[in-house]
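Chemist: Next one to model:
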Amino acid sequence: QVQLVESGGGVVQAGASLRLTCVTSGTDDGRYALGWFRQPPGKDREFVASIWYSGGGTRYADSVKGRFTISRDNAKKVVYLQMSSLKPEDTAVYYCAADQDYGRIKENPIYWGQGTQVTVPS
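Modeler: Presented below is the predicted three-dimensional model:
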């Protein structure tokens, strides 16, 4: 059973940085792509970033390119989302996701975490 647990959310001022962490378990049976999504208040969930098992193949939403960096440590079974120059529009619940299909990780991944709230007051 794949499980994903996010942490690191909080309330930060505009312009600040924050790092989200997602600890994975149950992924020893294969190579999983990992990703981050977010759901702003009153809006649909949207793709933020993804990374392949090798650590390559990173992809980002246009809204976060140059500000967010996704990385992973397979030995620790974690994926990170380093967020910098945060804006009020980055306020959302951030979700970690996993899928063995690299093509699917950006669209409709199978496994999801419970989410962690990030708030950037205006």
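Chemist: give me the element the residue lying closest to G15 once chain neighbours are set aside is part of.
Modeler: Computed as CB to CB, 6 or more residues apart in numbering, the closest residue to G15 that is not its neighbour in sequence is S85, at 6.1 Å. Where C-beta positions appear, they are placed from N, C-alpha and C, glycine not excepted. Using DSSP states H and E, S85 is not contained in any helix or strand.
Chemist: quick one: contacts for S85?
Modeler: 15, 17, 67 (CB atoms under 8 Å, 6 or more residues apart in numbering).
Chemist: okay, the residues you listed in CSV with pLDDT, distance to W52 and neighbour count next?
Modeler: Listed next are these as CSV, based on pLDDT from 0 to 100; distance: CB to CB, whole Å; neighbours: other CB atoms under 10 Å:
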residue, pLDDT, distance to W52, neighbour count
G15, 97, 31, 10
S17, 98, 25, 11
R67, 98, 21, 15
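Chemist: which among those residues gets closest to V78?
Modeler: S17 (18.0 Å; CB to CB).
Chemist: ok, now which ones touch the closest one?
Modeler: Per CB under 8 Å, 6+ apart, neighbours of S17: 82-86.
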